[in-house]
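In: here is a sequence with its predicted model. Questions after.
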Amino acid sequence: MIALQWQAKVLLLLDQARYPEEELWLECTTAEATAEVLSSGAILEDKIAATAGAYGYCLAALEHQALLGTPAFDERLDEAKALLLASRPGSRGMRAAMDFMEHPPEAYTKNADRITTLLATAVTFDRQQVIADRNICRNGTDLMGEGTRVLVRTDRGAFHSASPSGALGIVRRGLKREILESAALCEGRPALTAATTLAQELTKEGLPFTLIPDHAAATFLARQGAHMVLCDGLLAARNGDCKAPVGSYELAISCYFHSIPFYVVLTAGDIALEVESGVQLGQDEGDPAEVLSVLGEALPCGQAQGWVPAYDVVPAFLISGYITDRGIASAPYDETLPYTVEHAPKKLIVNFDE
């Protein structure tokens, strides 16, 4: 589902928290409005938030266009940057977006019109993400042969600015090219929120799939099997340990037991070389209310406690490889991941209909 639109100096963002029950678009005409939406919980996908941040930076420039050429203009941009960064604390994507906006491609800086330069830079940031997503899809399907069966593990929805990305994008491309025999979707949330959203997107295109609860994934692999499992990763450490959605660790163990390749899907920008291992990723806890909410009013307050980790850390030895926009990295990760980030070329796709 397209979740971001830039139209006539107006940024439109889909309220992802309400979709698919309601398709509500939130209109942003200032950096302040953009930051408010980004911090409201309506935007679930971090990469959509980062792209929105780039356009929000442009909105600040447009709002204060009369100050062009004065120190006050740069001050307004600095204020917008601070607001947008604060709207997504700790987001690598938002930091990357702000850095890109402050350091546009050299060719753009030759333009005398700074507003035009900023707008072109934001569009370029957006399209670079689209290109990265397309390359991930290509690299993922390159691992497949005719008749491949895939299980997808995700807590991400199908939200994007041009076409499905990540594990869903790989599945979609494989099904459309008729090299996938079957695809199964699972996730750890009790209501299967993300997986059902993915299912809706595949249904719109008439593509077949099987929807299963996450706790049945191991049994599914034992009974029906799969040629590979695709998991959308959140962050990779230098040694190959991976921060991933809750439930990924036990699924990786199941794959290890059943000798099924377990691939993590992420962009090269999500490889954190400064993080030496999974130990540095921490053990943050999620909101207990996420678990207790399924009880409703069945139990009086205080009779039940909830616990949920914020994420899993999957050790490197359980991961068969990383499918990235710059190629596929496999062990030894302390060599291949740095190469992927620092030396692997960015592949460009000219035809966006592919």
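Out: Yep, that arrived.

In: what is the helix or strand containing Ala183 packed up against?
Out: Using DSSP states H and E, the element containing Ala183 is strand 180-186. Strand 180-186 sits against strand 148-153, helix 166-176, helix 193-204, strand 210-211, helix 217-223, with contacts defined as 3 or more C-beta pairs under 8 Å, 6 or more residues apart in numbering; DSSP states H and E. From N, CA and C alone the C-beta is placed, and that goes for glycine too.

In: quick check: buried residues in the last one?
Out: Spelled out, it's helix 217-223. Across helix 217-223, burial judged by 16 or more other C-beta atoms under 10 Å covers 217-218, 220-221.

In: so Leu337: helix, strand or coil?
Out: helix (DSSP: H, G, I helix; E, B strand; the rest coil).

In: just use 2 as the starting number from now, easier for me
Out: Taking 2 as the first residue, the last one we looked at is Leu338.

In: sticking with the spatially closest residue to Lys82 that is not a sequence neighbour, tell me its helix or strand.
Out: The shortest distance from Lys82 to any non-neighbouring residue, by C-beta to C-beta, 6 or more residues apart in numbering, is to Met99 (5.1 Å). Here Met99, judged by DSSP H and E, is contained in helix 93-103.

In: quick revisit: ok, now which ones touch the residue nearest to Lys82?
Out: Applying C-beta atoms under 8 Å, 6 or more residues apart in numbering to Met99 gives the contacts 54-55, 58, 82, 85-86.

In: let's see it at 10 Å
Out: By C-beta atoms under 10 Å, 6 or more residues apart in numbering, the contact set of Met99 is 51, 54-55, 57-58, 78, 81-83, 85-86, 92.

In: likewise for Met102?
Out: Taking C-beta under 10 Å, 6+ apart, we find Met102 in contact with 54-59, 61-62, 78, 81-82, 85, 118-119, 122-123, 126.

In: same question, Ser278
Out: Contacts of Ser278 (C-beta under 10 Å, 6+ apart): 238-242, 314, 316-317, 335.

In: separation between it and Ala238?
Out: 5 Å (C-beta to C-beta, to the nearest Å).

In: mind listing the strands for the stretch 202-351 of the chain?
Out: 211-212, 229-233, 236-238, 243-245, 263-266, 272-273, 313-315, 322-325, 328-330 (DSSP state E, counting those that start in this stretch).

In: need those strands in TSV (columns: mean pLDDT and distance to Ile171).
Out: Below are the strands of the stretch 202-351 of the chain laid out as TSV (pLDDT from 0 to 100; distance: least, C-beta to C-beta, whole Å):
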stretch	mean pLDDT	distance to Ile171
strand 211-212	86	16
strand 229-233	95	6
strand 236-238	96	17
strand 243-245	95	16
strand 263-266	97	7
strand 272-273	96	18
strand 313-315	95	18
strand 322-325	97	7
strand 328-330	96	12
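
In: now those strands as JSON lines including distance to Ala4 and mean neighbour count?
Out: Converted to JSON lines, the strands of the stretch 202-351 of the chain look like this (distance: least, C-beta to C-beta, whole Å; neighbours: other C-beta atoms under 10 Å):
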{"stretch": "strand 211-212", "distance to Ala4": "22", "mean neighbour count": "14"}
{"stretch": "strand 229-233", "distance to Ala4": "16", "mean neighbour count": "25"}
{"stretch": "strand 236-238", "distance to Ala4": "22", "mean neighbour count": "25"}
{"stretch": "strand 243-245", "distance to Ala4": "22", "mean neighbour count": "27"}
{"stretch": "strand 263-266", "distance to Ala4": "19", "mean neighbour count": "26"}
{"stretch": "strand 272-273", "distance to Ala4": "24", "mean neighbour count": "21"}
{"stretch": "strand 313-315", "distance to Ala4": "25", "mean neighbour count": "23"}
{"stretch": "strand 322-325", "distance to Ala4": "22", "mean neighbour count": "26"}
{"stretch": "strand 328-330", "distance to Ala4": "27", "mean neighbour count": "20"}
